[in-house]
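Asker: sharing a model that was predicted from the sequence below.
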Amino acid sequence: MSRRGETVPAFVVRFDGRVHGYLNRCAHRSLELDWIEGEYFDAFGEHLLCATHGARYAPASGICVDGPCGAAGLVKLPVFEDGGDVCLEAGDDIHLVNSDGIP
Ligand code: FES
């Protein structure tokens, strides 16, 4: 994912039957959330959990609900489903790129 010229990893989760996409960047220290690659939920499947210091985020909004992220939240991405595909509504400041930063 390229946002405002910076390449940032992102992820998509399904929660309550809907997809939600976020930059994979904790609001506390800008580190990736996953404790095992691709694992974002806490043990109860109720919150997105940062592996580093335990910040917890609401899966549908990205709002911090507990931990050192304070009033900040995850950066939510405009994703939607279309015929079984998860799509990104690209805007002027968000573009999909591969792991080498190439569109
Ligand atoms: S880096 Fe995520 S809670 Fe500190």
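Answerer: Yep, that arrived.

Asker: can you list the low-confidence ranges for this protein?
Answerer: In the predicted model, the chain carries pLDDT under 70 at residues 99, 101.

Asker: 80 instead, please
Answerer: Across the chain, residues meeting the criterion (pLDDT under 80) sit at 1-6, 90-103.

Asker: can you pull the residues of it lying near the ligand?
Answerer: Residues of the chain lying near the ligand by C-beta under 6 Å from any ligand atom: Cys26, His28, Arg29, Leu31, Cys50, Thr52, His53, Gly54, Ala55, Gly67, Pro68, Cys69. In short, each C-beta sits where N, CA and C put it, glycine included.

Asker: export the residues you listed to TSV and append columns for distance to Pro78, neighbour count and secondary structure.
Answerer: Listed next are the residues of the chain next to the ligand as TSV, based on distance: C-beta to C-beta, whole Å; neighbours: other C-beta atoms under 10 Å; DSSP: H, G, I helix; E, B strand; the rest coil:
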residue	distance to Pro78	neighbour count	secondary structure
Cys26	20	24	coil
His28	24	18	coil
Arg29	25	12	coil
Leu31	23	14	coil
Cys50	22	26	coil
Thr52	27	15	coil
His53	28	12	coil
Gly54	28	14	coil
Ala55	23	26	coil
Gly67	26	18	coil
Pro68	27	15	coil
Cys69	22	21	coil
